[in-house]
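Participant: All I have is the shape, not the residue letters:
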């Protein structure tokens, strides 16, 4: 519980940062939805009316806002995550931000290395089902059998994707130690993949995705003004839950990295 | 297989089927070919064809008996050589289709070459002209040495070679799979006034021909499994080859599919032998196609007249031959869908394609309208019939998908009603692919479904059934459809609703508006609230209902008669309205904007929370 209390303010700060980035597309989308339904107060709950909204076209402004916010999120992803990791490792707020900014180039280096190694691993994993299709299965006329064999052979590719995503977070967590460079961080992350860490990553990923889907579902509920307000609050709490789940996962990464090295300050 | 489709029994084991087939071939069991309700065909095609499966070539000789059924002497013939649509990228078909169909692209070319066109001892080919449309040789005009008088009969003999294209649009080959359609020289249809209804092979339309007797013998590799228009009356093994003879009475086209690896499943459904040819591993999908076909024969047959032929073949093309999928021919159609069919989404896969192509057996197969001139009578009526069938199968509101429950018409409505599109009663040449889909597959079914929901589904079934039964084995135009609806609904229906909707593309859009009001008197119960007024935007005078919810929880159901252009709901002094909704049961599917059919007095903006949740979820996926 003490750990959770310590994590909560950091998680909240990160969530507010993400919400700030999301504000522009949210305003653009909300305005477009209001305009698309024509009248103030129109009810979009009945089946079929949502298709009207889609068909009306949400306009270039909405797409542009989402594109720009995605760009900002990608750009700010590394410094925010590094500050987050430092804060989870025990650094006080301002120090965490400062250290996070200092380690941002290293975090980008980690991303590039993981991307390169991940792509190689993915290609290697995909070469097996591809080779089987080209050299062995092309003349197999039972499509079901063909697809099941290719699907089974492609499973390592999915595993390599999970491994790459897990290694990415773990390598960035290793950067909390100022003496570790991107390459060393990746090496330690690769070693960590032999532990239970990938399974934990998958668990937290599924939890986060489920909370996000529940939040999206909750946001569309509410027949009366009060119910709509409650649904909105529930959606926001669920989304915060998703950020908190990620916080838990990143804390595990920081602890795993610190066990391998020396104690955190 | 969805539960609603269980219980359709197959005809037994493959061995039993093979035994029956063998007995039929030696004449112990005579296959049923003749139609119970058919008069002898005035036209007949006898074709002997050889399929070279390695060269993807069909060599054949067609013997055509043609009767002048018009009122005037005829001095020339028009033949359709539609395989020439695939001989270059400059043909009408290629120009209009862009050389692609549903993502499949033009590869190896196809063509048909006539070696001669004999009438008795004379070869008419040297005088024939195939340069009707520049760069397109899909039509052949053949001057006759002397006119054929009304009722006169001529017999043509045409040796030909058809090279199949790599399949991307309906006909062609993929590896050893062959979908052989539009493959032989075929006469255009002569109208009763003596004009030839001829046109090049269009990207969006191809069918219009006379009913005829087809007797086709196909010499194919022995290992190939064949499915074709007609009934297979004999098979004869000759070394590495097998001769298959198919006979069909009163059909207007002949197509066949051939592949060594087809798995055959069969069932007998209400007197019709249904055969499904599917790639190996397609067990569940093939069973779904078979069950749907059986249910459809019963459903469509009950509404639009019994399916008159003894056999129906359903072909599921293998992977790589998707361009051949979803196509209708008499007594044969190709369906769609992979082996993984889960039965959750009914649209687009084996369920919808089977329901749609089967409905074509009536609207195009039996009521043989001019597809190029009036596509709404072909694809339009077929689309409504199939959506209606799917709703009857899967339940109201589930015709598009079962989970989540989605109604096909709800999905169509916002996308299909675009005022800039041509009206439905236009020829295919008026449309581009997207507008064709919106108008013919979308707006026409929405018109019929709006009538069904407003005036009763049984009346629409009766009207369409009247049209289909009355014009079976005929070639009607839109007037026949309007007349059938007038006979059922009364003489006002076509003039007031059907013609404006189909010929002018009118819709039945309505909107509620808020009008600022001042209290008229101190005793005014509205208390100075805004007034709510309904206004017709579209020209169709559709009768509508409205539901008013009062603040005390009561609901008032009001009527908005079709003759009234405006709607001013009278709440009475005891009801302070909380919200007003026009057409609460969603009968009016010709309203492109349903969102403005509802007003809440003193409503609030509801979207801020939804938008923030969506945007935040999106950013979380890309953020730290």
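Facilitator: Received the coordinates, thanks. Note that this is a predicted model, so its numbers are computed, not measured.

Participant: if I look at residue B:544, how far off is residue B:582?
Facilitator: Applying CB to CB, to the nearest Å, the value for residue B:544 to residue B:582 is 6 Å. For glycine as for every other residue, the C-beta is placed from the backbone atoms N, C-alpha and C.

Participant: what does residue A:217 give?
Facilitator: 29 Å.

Participant: Helices along chain B, start to end?
Facilitator: Ranges of helices within chain B are B:14-25, B:92-97, B:283-304, B:350-359, B:375, B:381-394, B:408-416, B:433-436, B:444-455, B:457-470, B:478-489, B:493, B:499-503, B:607-622, based on DSSP state H.

Participant: Switch those helices over to TSV; also include mean neighbour count.
Facilitator: What follows is those, written out as TSV (neighbours: other CB atoms under 10 Å in any protein chain shown):
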stretch	mean neighbour count
helix B:14-25	14
helix B:92-97	20
helix B:283-304	22
helix B:350-359	27
helix B:375	28
helix B:381-394	24
helix B:408-416	23
helix B:433-436	16
helix B:444-455	24
helix B:457-470	19
helix B:478-489	19
helix B:493	20
helix B:499-503	21
helix B:607-622	23
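
Participant: follow-up on the earlier one: common neighbours of residue B:544 and residue B:582, please.
Facilitator: Shared contacts of residue B:544 and residue B:582 (CB atoms under 8 Å, 6 or more residues apart in numbering or on different chains): B:510, B:560, B:567.

Participant: Settle this for me: residue B:480 is touching residue B:472, isn't it.
Facilitator: No. The criterion here is CB atoms under 8 Å, and residue B:480 misses it with residue B:472 at 11.5 Å.

Participant: Which one of residue A:217 and residue B:582 is surrounded by more residues?
Facilitator: residue B:582 (24 against 14; other CB atoms under 10 Å in any protein chain shown).

Participant: Wait, the more buried one touches residue B:533, no?
Facilitator: No. Counting by CB under 8 Å, residue B:582 does not reach residue B:533; the two are 10.9 Å apart.

Participant: Could you tell me what pLDDT the model assigned to residue 176?
Facilitator: As the question left the chain open, I've gone with chain A. For residue A:176, the pLDDT comes out at 94.

Participant: let's do chain B instead
Facilitator: 96.

Participant: and the nearest residue to residue B:416 once chain neighbours are set aside, what does it touch?
Facilitator: In space, and not counting its chain neighbours, residue B:416 is closest to residue B:442: 2.6 Å by CB to CB, 6 or more residues apart in numbering or on different chains. Residue B:442 is in contact with B:383, B:412, B:415, B:416, B:417, counting by CB under 8 Å, 6+ apart.

Participant: Could you export these as JSON lines, including pLDDT?
Facilitator: Putting the contacts of residue B:442 into JSON lines (pLDDT from 0 to 100) gives the following:
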{"residue": "B:383", "pLDDT": "98"}
{"residue": "B:412", "pLDDT": "91"}
{"residue": "B:415", "pLDDT": "86"}
{"residue": "B:416", "pLDDT": "91"}
{"residue": "B:417", "pLDDT": "91"}
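
Participant: Show me the beta-bridge partners of the nearest residue to residue B:101 once chain neighbours are set aside.
Facilitator: Leaving out its chain neighbours, the residue that sits closest to residue B:101 by CB to CB, 6+ apart is residue B:169, at 4.1 Å. Assessed by DSSP bridges, residue B:169 has beta-bridge partners residue B:171.

Participant: Where does the stretch 151-265 of chain A get nearest to chain B, residue-wise?
Facilitator: As assessed by CB to the nearest CB, chain B sits closest to residue A:232 within the stretch 151-265 of chain A, at 3.1 Å.

Participant: doesn't residue B:614 make contact with that residue?
Facilitator: No. Judged on CB under 8 Å, residue A:232 makes no contact with residue B:614 at a distance of 12.0 Å.

Participant: give me every residue that touches residue B:444.
Facilitator: Residues in contact with residue B:444 (CB under 8 Å, 6+ apart) are B:376, B:379, B:380, B:381, B:383, B:384, B:424, B:502.

Participant: swap in residue B:114?
Facilitator: Neighbour list for residue B:114: B:81, B:125, B:140, B:158, B:159, B:160, B:185 [criterion: CB under 8 Å, 6+ apart].

Participant: Roughly how far does it sit from residue B:335?
Facilitator: With distances taken as CB to CB, residue B:114 is found 33 Å from residue B:335.

Participant: Kindly report the same for residue B:586.
Facilitator: 30 Å.

Participant: Settle it for me: which of those two has more neighbours?
Facilitator: residue B:335 (29 against 20).

Participant: List the neighbours of stretch A:87-105 that are in contact with it.
Facilitator: A:7, A:10, A:13, A:78-86, A:175-176, A:178, A:247, A:250-251, A:254, A:258, A:264-265.

Participant: Flag the shaky bits of chain A, pLDDT-wise.
Facilitator: Where chain A drops to pLDDT under 70, the residues are A:1-2, A:34-59, A:222-225, A:260-265.

Participant: before we move on, the earlier item: can you tell me which of the contacts of residue B:442 is closest to chain A?
Facilitator: Within the contacts of residue B:442, proximity to chain A (CB to the nearest CB) peaks at residue B:415, which comes in at 5.3 Å.

Participant: In chain A, which residue sits furthest out from the middle?
Facilitator: Distance to the chain centre peaks in chain A at residue A:139, reaching 40.5 Å (criterion: CA atoms, centre = their mean).

Participant: Over to it. Which of the three states is it?
Facilitator: coil (DSSP: H, G, I helix; E, B strand; the rest coil).

Participant: near chain B, which of the contacts of stretch A:87-105 show up?
Facilitator: A:78, A:80, A:81, A:84 (CB under 8 Å from any CB of the partner chain).

Participant: Provide a complete list of residue ranges assigned to strands in the stretch 501-624 of chain B.
Facilitator: Here the stretch 501-624 of chain B has its strands, by DSSP state E, counting those that start in this stretch, at B:510-515, B:531-536, B:544-550, B:555-560, B:566-567, B:577-582, B:598-600.

Participant: Also the stretch 151-300 of chain B?
Facilitator: So, for the stretch 151-300 of chain B - with DSSP E, counting those that start in this stretch - the strands run B:153-163, B:172-174, B:177-180, B:186-187, B:189-190, B:196-197, B:212-221, B:225-228, B:231-238, B:241-251, B:256-259, B:263-269, B:272-278.

Participant: So for residue A:168, which of these sits nearest?
Facilitator: strand B:172-174 (42.4 Å; CB to CB).

Participant: how much distance is there from the closest one to the middle of the chain?
Facilitator: 23 Å (CA atoms, centre = their mean, to the nearest Å).

Participant: Which elements pack onto that strand?
Facilitator: With contacts taken as 3 or more CB pairs under 8 Å, 6 or more residues apart in numbering or on different chains; DSSP states H and E, strand B:172-174 sits against strand B:177-180.

Participant: how about 10 Å then?
Facilitator: strand B:177-180, strand B:256-259 (3 or more CB pairs under 10 Å, 6 or more residues apart in numbering or on different chains; DSSP states H and E).

Participant: sorry, back to before: could you save the strands of the stretch 151-300 of chain B as CSV and add columns showing mean neighbour count?
Facilitator: Output for the strands of the stretch 151-300 of chain B, formatted as CSV (neighbours: other CB under 10 Å):
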stretch, mean neighbour count
strand B:153-163, 18
strand B:172-174, 26
strand B:177-180, 26
strand B:186-187, 20
strand B:189-190, 22
strand B:196-197, 16
strand B:212-221, 21
strand B:225-228, 21
strand B:231-238, 15
strand B:241-251, 21
strand B:256-259, 25
strand B:263-269, 19
strand B:272-278, 24
